[in-house]
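In: I'd like to go over a predicted model; first the sequence, then the structure.
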Amino acid sequence: MLADLATRDGRPVVAFDLFGDLDLRRSGARVVTGSGLIELVDAAVRVPAAGIVYGASFENHPALVERLAERHVVLGNTAATLRAVRDPSRLAAADPAYPRTLAVAPDGEGRWLSKPLRGGGGTRVRAWGGGPLPAGTVVQERIEGVPCSAAAVGDGADAVVLGITEQLVGERAFGVGGYRWCGNLVPPRVPAAALLEQARAICSRLAAAFGLRGLFGVDLVWDGERAWTVEVNPRPTASLEAIEAASGVAVFDAHVRGCAGGLVRVSEPRGAAGKAVLFATDDVVVGDTEAWLARGVRDVPHPGERIAAGRPVCTVVAQGATPDDVLGRLEDQAAQLRAEMGVGALA
């Protein structure tokens, strides 16, 4: 996604990627693959570049961001900023919308979720029913409501919200359950004006408190009256291609401007858009995936690639008049792909 956003913005790209999917290979970007983040960073520090942008998972590895910054201009947040904004105690001090989050088992009653300090996408998030907490785990007060997210760009002192999404979480049509993230809808199916107003205040407050620069995301839960901050992702988020499709804002350009201390003007979405990640419910070997490219499927595996149960297969995208229309189109695409692979959805 980041490579696509950058090349559409007219920038030459070298993409360092764990998978080297078929569509990335056809994107015009030079592609370097590796078996892990350390190997990718080792490769990236050897390549001359005007700047480097990191994506998902690097918020959990600030030491790797420090290494990149030794050789390149990092267009994004510093390692020190990552450590600060991902610290629950510091986030709680900065944001009154942050639910109670504890590193020890709570006393008394309440509904809680256990979640890893180094996590993402809802992986290993569970309902917590008591007992000792494993190392590297916190419990967070469970807020009932609609999972949403704000994609914003900061200039180190303030922020502009580029778009609000409804997060698709635990959607069995896409092969996941529980609290696993699997996509986004723009706009969300909630009172958008009230949510947007509160999201703007939250993002501006966080940008000022932590000096956030460039694209970042805030995971929210809308309880019907109030938006609660449940996590901050201080780097470009997965919702950006849906936001760009719905609003027309050039999100990669917004990122570069924000890192340089400037903010963009944002217009209201012109329609609805969304994306969904399709997960394998069984071990599967995909067939000829060349035709998927013509249908607009993203993150396309190579023909004959083996994908283990529980791993992502590809990403489907859609636009429409309403978010419900978009969700229906995403579900139809997922069902068609499952039928072609000979596997079913979760029961």
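Out: Yep, that arrived. Numbering: from 1, shown residues only.

In: going forward, measure contacts and count neighbours with C-alpha atoms only.
Out: Noted.

In: For the stretch 201-347 of the chain, give me the ranges with low pLDDT.
Out: By pLDDT under 70, the low-scoring segments of the stretch 201-347 of the chain are 344-347.

In: mind listing the strands for it?
Out: Secondary structure of the stretch 201-347 of the chain (DSSP state E, counting those that start in this stretch): strands at 213-222, 227-233, 272-279, 284-285, 306-307, 312-320.

In: and residue 1, which of these is closest to it?
Out: Residue 1 lies closest to strand 312-320 among the strands of the stretch 201-347 of the chain, at 10.2 Å (CA to CA).

In: and the angle from that closest one to strand 272-279?
Out: 160 degrees (axes from the mean of the first three to the mean of the last three CA atoms, to 10 degrees).

In: count of neighbours near the closest residue to residue 149 other than its chain neighbours?
Out: Nearest non-adjacent residue to residue 149, counting by CA to CA, 6 or more residues apart in numbering: residue 219, 4.4 Å away. For residue 219, the number of neighbouring residues by other CA atoms under 10 Å comes to 21.

In: what's near enough to touch residue 219?
Out: By CA atoms under 8 Å, 6 or more residues apart in numbering, the contact list for residue 219 reads 147, 148, 149, 150, 229, 230, 231, 232, 233.

In: Please report how far the last one lies from residue 219.
Out: It stands for residue 233. In this view, residue 233 and residue 219 are 8 Å apart by CA to CA, to the nearest Å.

In: swap in the second one?
Out: When distances are taken as CA to CA, residue 148 and residue 219 turn out to be 6 Å apart.

In: Could you do the fifth one as well?
Out: When distances are taken as CA to CA, residue 229 and residue 219 turn out to be 6 Å apart.

In: For the stretch 201-347 of the chain, which segments count as helices?
Out: Applying DSSP state H, counting those that start in this stretch to the stretch 201-347 of the chain gives helices spanning 240-247, 251-259, 290-294, 323-341.

In: Ok, which of the ones you listed comes nearest residue 101?
Out: Evaluated with CA to CA, the helices of the stretch 201-347 of the chain place helix 240-247 nearest to residue 101, the distance being 27.6 Å.

In: which strands and helices sit next to that closest one?
Out: strand 159-169, strand 181-186, strand 272-279, strand 312-320 (3 or more CA pairs under 8 Å, 6 or more residues apart in numbering; DSSP states H and E).

In: Make CSV from these and add mean neighbour count and distance to residue 46 to it.
Out: Formatted as CSV, the helices and strands packed on helix 240-247 follow (neighbours: other CA atoms under 10 Å; distance: least, CA to CA, whole Å):
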stretch, mean neighbour count, distance to residue 46
strand 159-169, 25, 33
strand 181-186, 27, 34
strand 272-279, 28, 32
strand 312-320, 21, 30
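
In: quick one: which of these is nearest residue 254?
Out: Residue 254 lies closest, by CA to CA, to one member of those: strand 159-169, at 9.0 Å.

In: so the closest one versus strand 213-222, what angle?
Out: Using the same axes, to 10 degrees, strand 159-169 lies at 50 degrees relative to strand 213-222.

In: Show me how far strand 159-169 is from its chain's centre.
Out: In terms of CA atoms, centre = their mean, to the nearest Å, the centre of strand 159-169 is set 10 Å apart from its chain centre.

In: Which strands or helices does that strand pack on?
Out: Short answer (3+ CA pairs under 8 Å, 6+ apart): strand 159-169 packs on strand 146-155, strand 181-186, helix 192-210, helix 240-247.

In: if you set the cut-off to 6 Å instead, what comes out?
Out: strand 146-155, strand 181-186, helix 192-210 (3 or more CA pairs under 6 Å, 6 or more residues apart in numbering; DSSP states H and E).

In: Contacts for the shortest one, please.
Out: Outside of strand 181-186, the residues that reach it under the criterion CA atoms under 6 Å, 6 or more residues apart in numbering are 121-122, 165-169, 239, 272-277.

In: can you do 8 Å?
Out: Residues outside strand 181-186 that contact it (CA under 8 Å, 6+ apart): 121-122, 163-171, 174, 176, 238-239, 242-243, 246, 272-278, 323, 326-327.

In: Would you mind measuring from the residue in the chain sticking out farthest from the centre to residue 284?
Out: When distances are taken from the C-alpha mean of the chain, residue 108 lies farthest, 33.6 Å away, according to CA atoms, centre = their mean. In this view, residue 108 and residue 284 are 46 Å apart by CA to CA.

In: cool, and residue 56?
Out: 25 Å.

In: The two: which has the busier surroundings?
Out: For residue 56 versus residue 284, neighbours defined as other CA under 10 Å are more numerous around residue 284 (17 against 14).

In: hang on, isn't that one packed against residue 309?
Out: Yes: using CA atoms under 8 Å, residue 284 is in contact with residue 309, at 7.4 Å.

In: Fine, thanks again, bye for now.
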